[in-house]
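Colleague: please find the sequence and the predicted model below.
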Amino acid sequence: MGFPKLLIEGKPGRIEELQMNLQKKLNCVNRKLNIAITRIANPYGHPNILAEFIAGQLRNRVSFRKAMKKAIELTEQAGTKGIQIQIAGRIDGKEIARVEWIREGRVPLQTIRAKIDYCSYTVRTIYGVLGIKVWIFVNKE
């Protein structure tokens with residue numbers, strides 16, 4: 001998990017509730033299911049967590065450009081080589097849908113050997129559905 005404090009401190013029975021829901025989904029109610037929560041070292045270096053952050057900002061009606069710039073700022077602190085964020089749909093409730101993107105650093109999508117993490121995320125706002133795509137270039141040599 002990126003932020004385990006939210007799961008642990010929120011309610012005392014949240015982990016047990018998660019365990020019961022997983023047992024029901026996996027049809028193993030009679031077996032014991034162990035859940036181990038580990039903390040991710042730099043959560044904003046992962047595109048899924050970053051996309052959820054941007055989605056939360058857009059749901060709260062923050063300007064899309066401000067949300068993208070804040071996400072890039074958080075990712076640069078995580079120590080990545082480059083990031084590209086794309087938001088598509090009825091941005092800020094405009095009548096015509098459009099695609100806006102921003103890139104910081106290097107994102108070599110054509111290079112096969114490049115280690116690029118990718119996430120596609122949809123978010124429902126009051127204006128409609130927006131699509132968020134995040135590419136993070138992590139150079140692990």
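Modeller: All right, it came through fine. Since this is a predicted model, take the numbers as computed values, not measurements.

Colleague: next SSE after the helix or strand hosting Lys70?
Modeller: Using DSSP states H and E, the element containing Lys70 is helix 64-77. On the C-terminal side of helix 64-77, the nearest following helix or strand under DSSP H and E is strand 82-89.

Colleague: which element follows that next one toward the C-terminus?
Modeller: strand 98-105.

Colleague: who are the packing partners of that next one?
Modeller: When contacts are defined as 3 or more Cβ pairs under 8 Å, 6 or more residues apart in numbering; DSSP states H and E, strand 98-105 packs onto helix 64-77, strand 82-89. Every C-beta, even on glycine, is put in place using the N, C-alpha and C of the backbone.

Colleague: worst mean pLDDT among the ones you listed?
Modeller: In terms of mean pLDDT, the lowest-scoring of the helices and strands packed on strand 98-105 is helix 64-77 (a mean of 93).

Colleague: what packs against that one?
Modeller: Helix 64-77 is packed against helix 47-59, strand 82-89, strand 98-105, with contacts defined by 3+ Cβ pairs under 8 Å, 6+ apart.

Colleague: out of those, deepest packed?
Modeller: strand 82-89 (a mean of 21; mean count of other Cβ atoms under 10 Å).

Colleague: return the helix or strand in the chain with minimum mean pLDDT.
Modeller: helix 4-10 (a mean of 67; mean pLDDT, DSSP states H and E).

Colleague: run the chain-centre distance for the helix or strand following that helix.
Modeller: Moving toward the C-terminus from helix 4-10, the next helix or strand (DSSP H and E) is helix 14-26. For helix 14-26, the separation from the chain centroid amounts to 23 Å (computed by Cα atoms, centre = their mean, to the nearest Å).

Colleague: picking up where we left off before, list the buried residues of the helix holding Lys70.
Modeller: For helix 64-77, the neighbour count (16 or more other Cβ atoms under 10 Å) marks Phe64, Ala67, Met68, Ala71, Ile72, Leu74, Thr75 as buried.

Colleague: pretty sure the fifth one is in contact with Glu104, am I right?
Modeller: Okay, so that is Ile72. Yes. Using Cβ atoms under 8 Å, Ile72 makes contact with Glu104 at a distance of 4.8 Å.
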